[in-house]
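1. task: produce atomic coordinates for the following.
(3 chains)
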Amino acid sequence: MNNLKKREIYLLFSHSILTIQIIVYLLTNLLQLQQLSDKHSHEIKKRSGFIMEEGLCPSSVFSSGSVDKSRIIEVKPLRSLAPLIPKSAQGSASGFSPFLPIGEPRETQAPPVPNAAPIRSFKNPTVEDETLNRAANGHIPSPPQHIPSAPHHIPNPTPLRSYKSPLVDEETPYGANSDTSSSVDGGLNGHGNSHDQKRAALQSQSRKSSQKKIRKIQEQSDNDGGRESVNSVLMTFDSIRRRLCQLEDANQLDTQNAIKRADLRANNAMTFKGIRTNSRKRVGVAPGVEIGDIFFFRIELCLVGLHGQSMSGIDYVNIKCEDKDLPVALSIVSSGVYDDDAEDNDILIYSGQGEHFNKKDKHIVDQKLQRGNLALDRSSQQHNEIRVIRGLRDVGNKSVKIYVYDGLYKIQDSWTEKGQSGGGIFKYKFVRLPGQPSAFANWKMVQKWKAGLLSRSGLILADLSTGVESIPVSLINDVDNEKGPAFFTYLCSLRHSKPYGLMQPSHGCSCSKACTPGCPNCSCIQRNGGDFPYIANGILVSRKQMIYECGPMCQCLPNCKNRVSQSGLKLHMEVFRTKDRGWGLRSLDPIRAGTFICEYAGEVIDRANVSQNGNEEGIDEYVFDTSRIFEPFKWNYEPNILEEVSSKCSSEDYDIPSPLIISARNVGNVARFMNHSCAPNVFWQPVLYEENNQSFLHIAFFALRHISPLTELTYDYGIARSGHAEGSSTPKGRNKCLCGSSKCRGSFC
DNA sequence: GAAGTCTCAAGTTT
DNA sequence: CAAACTTGAGACTT
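-> This next block holds a predicted model:
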């Protein structure tokens, strides 16, 4: 208390104009504080006994033997004692709607413009535009909110069990869960029956009111974002990131005074341009993010508004409710730092945050009921929906961490335990809301299939490629009685009858080892405009008019990284029976945007032979024709976003001197099973390399975005020029399109 | 008291 | 594995 007084006195003197009234007022407060903290330290001592019984670490802040941190918390400057000061009549004039989460700029209360961020992002913004954009997107720093509340100055470093019942009345009228609290301290507090009833009625009323506010936030926030925005933001992010990696690989990136990590640097560029979606914090669904969506960086979760914290596992907001702050948890990431139990698919036992070993003081630090932990606790009483993202490592590629959005959960139970390092931790039982499509459960299932622990139902053939591919391609039908596709010969590349068109034959590069990015002497890299087309893990950086790979004619070693499309399948593919579109193709592995999927294998034919090659009606449904009309789309990074690095950006219009027509009717690979979609997740790219002193063109397929396991792979078939009716503004195909996307053209051919 | 700056907790990625 | 890194909340300052 001495410290406090000294601080008080110091403060008093440091402020030159103080009325006697204020002094009297402060002294009154001081007295109140004294009483309050005495009462509270008594509370803490009482509780610490309880905690010791529960077996928490003796070095815990609750322990009677260690430094009494409650004293430290008492030593707070006056301004943090606000709740003790009677509220003014204008007390609620904080500038925010009581229904809005704290930290949201006021202008965002206006009806949100759908797709606002991504569309704006693709023009070349002027300075004025940018200011507007940033303001509209909420990137002007939010007005800070200093709404002191009881839970913050009354220390709350207490485990769940100990605080719940006794403190509910004093601290949080919202949280009183009569079902659970009554059994704990039923008759101990000595209140009369009528008092209890009144109190219960008040608490129930209060709880309803706060739940109403949470619902209101939910309703208010549900009409922005959207699938297209989410896809656009993620694609923009990854295209920038890939480009940065490419420059870094070639040592062309200035990392002297800049961040080295490409994900963070890409995020900075995005933030600077105001490109993100769902930037308003919300309870429940994040519009446009679908259950089962996968992410490869924590930053990606932030960019689409799924989880606002770049590191922390718990995201929450403080909702102003009856002049108090009610922290409400919005989303969690279960990433395995703590020993979360993720055995059951619909139940997640999640550990709170904050337990660690303090290396300096050499003691274990318990988790405290504050920040995220407090929010989870309040949410367990409010029963609000919480988004759950499960972090996992794929069995095939343990070095990559993947985050899977697993939908909405509610907290059903909470308790305290001893953590791995021996500190006290909070545990929360998350239960998945019923009726949601499975996501994490699918992963579990697929991993069991891969490990051979679970037999596949509907497995017709273990390897459709009959050993041609290095990874088996399974044939699955769990839909109908069809026993398999019509006969064809599996071939993993292209059967050329003649060399490709007008290209000048070259003899490949003369690198002695594997070609490396930034190598000035490699003729293949020079043909690619000086850029290595792929980054280290074989991911395509950007679409190009043409990609020149090293081939059999090159002097470089076969493990050269510029031969991505020649190495056959790298993913565990599956030909499967779709419900309404015949056979389709999907992968059991998660796929990153830009990953090579497969080549379009088959026989190169002349246009004259197309109908000859077809069925009775002269139609060859397995034709790939580069001269079709393809819907243009943007996949590469925006050069203006990366202007500080490079303005170079290649055209995405393919430059194919003479059309290439491939038929996979008689011979082909998995690509022949890929169906059409007007909103595809795969695109094709022309690739050229030399064999036998001659150039040959190939068609390589790459992932357009991240694709989760078991998702059907589709690309845009384009429209045959012959199918484009004369005088008709909208080309019509002969097949009804069943892709079901909002951009569906209705037909394809 | 509003509006700003500073600090810290949170863990990810290479 | 340790260094480098971001975001947002809350503390603190003007």
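2. please make it C-alpha for all contacts and neighbour counts, starting now.
-> Fine.
3. please enumerate the helices of the stretch 451-600 of chain A.
-> For the stretch 451-600 of chain A, the helices defined by DSSP state H, counting those that start in this stretch cover A:523-527.
4. where does it dip in pLDDT?
-> Along the stretch 451-600 of chain A, the model assigns pLDDT under 70 to residues A:497, A:500-506.
5. give me the number of residues near the closest residue to A:Thr595 other than its chain neighbours?
-> Nearest non-adjacent residue to A:Thr595, counting by Cα to Cα, 6 or more residues apart in numbering: A:Ile539, 4.8 Å away. A:Ile539 has 19 neighbours, counted by other Cα atoms under 10 Å.
6. wait, is A:Met445 part of a helix?
-> Yes - under DSSP: H, G, I helix; E, B strand; the rest coil, A:Met445 sits within a helix.
7. residues in contact with it?
-> Under the criterion of Cα atoms under 8 Å, 6 or more residues apart in numbering, the neighbours of A:Met445 are A:Leu454.
8. which elements pack onto the lengthiest strand in chain A?
-> For chain A, the strand reaching the highest residue count under DSSP state E is reported as strand A:401-418. The elements that strand A:401-418 packs onto, with contact taken as 3 or more Cα pairs under 8 Å, 6 or more residues apart in numbering; DSSP states H and E, are helix A:160-171, strand A:294-295, helix A:371-382, strand A:386-393, strand A:424-432, helix A:440-450.
9. swap in 6 Å and give it another go.
-> With contacts taken as 3 or more Cα pairs under 6 Å, 6 or more residues apart in numbering; DSSP states H and E, strand A:401-418 sits against strand A:294-295, strand A:386-393, strand A:424-432.
10. okay, now the sheet partners of it, with direction.
-> strand A:294-295 (antiparallel), strand A:386-393 (antiparallel), strand A:424-432 (antiparallel) (DSSP bridges).
11. which positions within the second one qualify as buried?
-> Residues of strand A:386-393 classed as buried under the neighbour-count rule (16 or more other Cα atoms under 10 Å) are A:Ile386, A:Arg387, A:Val388, A:Ile389, A:Arg390, A:Gly391, A:Leu392.
12. want to throw those into CSV with distance to DNA strand C and pLDDT?
-> Conversion of the buried residues of strand A:386-393 to CSV gives the following (distance: Cα to the nearest atom of the strand, whole Å; pLDDT from 0 to 100):
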residue, distance to DNA strand C, pLDDT
A:Ile386, 15, 95
A:Arg387, 16, 95
A:Val388, 17, 95
A:Ile389, 17, 94
A:Arg390, 19, 92
A:Gly391, 17, 91
A:Leu392, 17, 88
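13. before we move on, back to that, any chance of the strands paired with strand A:401-418 in CSV, plus distance to A:Ile259?
-> Listed next are the strands paired with strand A:401-418 as CSV, based on distance: least, Cα to Cα, whole Å:
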stretch, distance to A:Ile259
strand A:294-295, 22
strand A:386-393, 25
strand A:424-432, 35
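14. A:Lys513 is nearest to which of those strands?
-> strand A:386-393 (32.7 Å; Cα to Cα).
15. which outside residues touch the closest one?
-> A:330-335, A:401-410 (Cα atoms under 6 Å, 6 or more residues apart in numbering).
16. quick check, nearest of those to DNA strand B?
-> A:Ser335 (4.7 Å; Cα to the nearest atom of the strand).
17. quickly note the distance from the closest residue to the closest one other than its chain neighbours to A:Ser334.
-> Sequence neighbours aside, A:Gly391 is the residue nearest to A:Ser335 in space, at 4.4 Å (criterion: Cα to Cα, 6+ apart). Computed as Cα to Cα, to the nearest Å, the A:Gly391 to A:Ser334 distance reads 6 Å.
18. does A:Met270 sit in a helix, a strand or a coil?
-> helix.
19. can you report how many residues lie near the residue in the stretch 551-700 of chain A that DNA strand B sits nearest to?
-> Residue nearest to DNA strand B within the stretch 551-700 of chain A: A:Arg592 (12.5 Å; Cα to the nearest atom of the strand). Neighbours of A:Arg592 under the rule other Cα under 10 Å: 20.
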